[in-house]
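Enquirer: based on what follows, work out the 3D shape:
(2 chains)
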Amino acid sequence: MNKKDIIICRCEDVTLEEIHQLLEQGYTNIEELKRLLRVGMGPCQGTTCMQLIQREVSKFLNIPIEEVKTQKVRPLTMGVKLNAIKEGASDES
Amino acid sequence: MILNRDLVIIGAGPSGLCAAKMAAESGQKVLLIDRNPQLGGQLIKQTHMFFGSEKQYAKTRGIDIAKKLIDDVKNYPDLIEIWDNATVLGLYPDKVLTVLLGETYRKVQAQAIIVATGASEKVLAFENNDLPGIYGAGAVQTLMNVYGVKPGEKIVMVGSGNIGLIVSYQLMQAGVKVLAVIEAAPVIGGYKVHASKLQRLGVDIITSCTIKKALGQDKVESIITTRLNEKWEEIPGTEQEYDVDAVCIAVGLSPLTNLLAMLGCELKYISELGGLVPVLTNDYETTIEGVYACGDASSIEEASSAMVEGYIAGLTASKKLGKVHPDYDDLILDFRKQLEVLRSGPFGEKIRKGLAKLEGVRVGC
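Expert: Sure, this is the predicted structure:
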């Protein structure tokens, strides 16, 4: 199996190899993986990759997938032009 | 400027449309938001006829159900305001929503919110899984049935649930060669009628088999599959190569709960229901008062269940805001019974098991 050709987070182009390397180094928390690799921070905001990452963490720690905590979800759900936000707030004091 | 709206429904698929209808019947004003230019959610690409009972439009094609549900909603122009092409960007604990309506950024203060955002497709990790030509089943259905575009000429379907089986059949109707349907589990996932239809047309459905890798330079040119033993481990020497120009991945859905998570609703991982799902009361209210969830956003089931859940959430959310449907008690009773019927039988077993687990969490907290 060639882990560097298996894409886990397609928005940020993160491979299974990179995930496994960090797991080996002890980064077994999804928030840590997110900060180090940007997984789940692209346009889909983790909708695609989070379940795959959960499964890798669960296999690595040998715990049920239910116990692998997922990322904190924050606004916004997609990219927005700053100008749209500026104009949307223009009539607010 | 913050716009004030009493009840905001996010998502105008089967569940959201039904919720809007029941709210309007209760006399409740609604703002219905959908990110697509066309209402109807997944129904607009479902060219097959539905099963179930007459009440959920059995024997009607998904696309025609969408038309009916949209007509229902458009019957109440004074009560139901529709924003299409509108994506909810953020949900905040004081029930403020930020929305991108076309190119315009809007803020809405709601009194109650129904989240009916549906689901997203699960993906698989295999070598070269980012090659062009590897699609999710939903994308294939959109390409073919909404835009009339063939995804390829020779395809292998990964996953034999109802979506995998139905999309395989629709691919064949479009003149695409389906070389095989492969399924990692030892049994076919979907209904036998759908599977038999494919088998009669000469399509092999291979169980205990998964995709090992995709090959190709600039796009997928072939794939290698492998058989799996009872421990789901690859059996060496069972690899098979298929020359394809497209692969369709249909390995299930997970609830789209990002807005609920953002708001701080309690979520629980229940694999039978598709992954992280909101903890709900019998009235489909989440752990945050006045915030409701229904349809695939609350647990992965058939569109028929999503519609009925939508009806219930529409009734209960309106009641919370002081608008009680004249037939509230009878309707609630009837809808709950309909759900029970839809979830009975062997195919409802997984759902029943998942809901029982969720019930355990709810009672415990």
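
Enquirer: CA atoms for contacts and neighbours, from now on please.
Expert: Will do.

Enquirer: using CSV, list the CA coordinates for the longest strand along chain B.
Expert: Using DSSP state E, we find that the single longest strand of chain B is strand B:104-115. Output of strand B:104-115 as CSV, limited to C-alpha atoms (Å, rounded to 0.1, in the frame of the first residue of the first chain):
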residue,chain,number,x,y,z
THR,B,104,-25.6,39.4,-0.5
TYR,B,105,-24.7,38.8,3.1
ARG,B,106,-27.8,38.8,5.4
LYS,B,107,-28.4,38.4,9.1
VAL,B,108,-31.6,36.9,10.4
GLN,B,109,-32.9,36.7,13.9
ALA,B,110,-35.1,33.6,14.3
GLN,B,111,-37.4,32.5,17.1
ALA,B,112,-37.2,28.8,16.1
ILE,B,113,-35.0,27.0,13.6
ILE,B,114,-35.5,23.6,11.8
VAL,B,115,-32.3,22.2,10.4
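
Enquirer: which bits of the stretch 101-250 of chain B sit near chain A?
Expert: Residues of the stretch 101-250 of chain B lying near chain A by CA under 8 Å from any CA of the partner chain: B:103-107, B:120-130.

Enquirer: ranges for the helices of chain B?
Expert: For chain B, helices defined by DSSP state H occupy the ranges B:14-25, B:62-74, B:137-141, B:162-173, B:192-200, B:258-263, B:303-320, B:328-342, B:349-364.

Enquirer: mind telling me which of those helices the model trusts least?
Expert: Least confidently modelled of the helices of chain B is helix B:349-364, at a mean of 85 by mean pLDDT.

Enquirer: I'd like to know how many residues surround residue 8.
Expert: No chain in the question, so chain A it is. As a burial measure, A:I8 scores 31 neighbours (other CA atoms under 10 Å in any protein chain shown).

Enquirer: let me rephrase: I mean chain B.
Expert: Neighbourhood size, B:V8 [other CA under 10 Å]: 26.

Enquirer: for it, list each beta-bridge partner.
Expert: Note on B:V8: beta-bridge partners B:L31, B:I113, judged by DSSP bridges.

Enquirer: who are the packing partners of the longest strand of chain B?
Expert: Judged by 3 or more CA pairs under 8 Å, 6 or more residues apart in numbering or on different chains; DSSP states H and E, strand B:104-115 is in contact with helix A:82-88, strand B:2-10, strand B:96-101, strand B:291-293, helix B:303-320.

Enquirer: contacts for the least confident helix or strand in chain B by mean pLDDT?
Expert: When the helices and strands of chain B are scored by mean pLDDT, DSSP states H and E, helix B:349-364 comes last with a mean of 85. Residues outside helix B:349-364 that contact it (CA atoms under 8 Å, 6 or more residues apart in numbering or on different chains): B:268, B:270-273, B:279-281, B:301, B:343.

Enquirer: what number of residues lie near A:G79?
Expert: Using other CA under 10 Å, A:G79 has 11 neighbouring residues.

Enquirer: repeat for B:D334
Expert: 14.

Enquirer: show the contacting residues for A:P75.
Expert: A:P75 sits next to B:89-91, B:262 when contact means CA under 8 Å, 6+ apart.

Enquirer: go again using 6 Å as the cut-off
Expert: Taking CA atoms under 6 Å, 6 or more residues apart in numbering or on different chains, we find A:P75 in contact with B:G90.

Enquirer: return the distance of it relative to B:G16.
Expert: Between A:P75 and B:G16 the distance, using CA to CA, to the nearest Å, works out to 22 Å.
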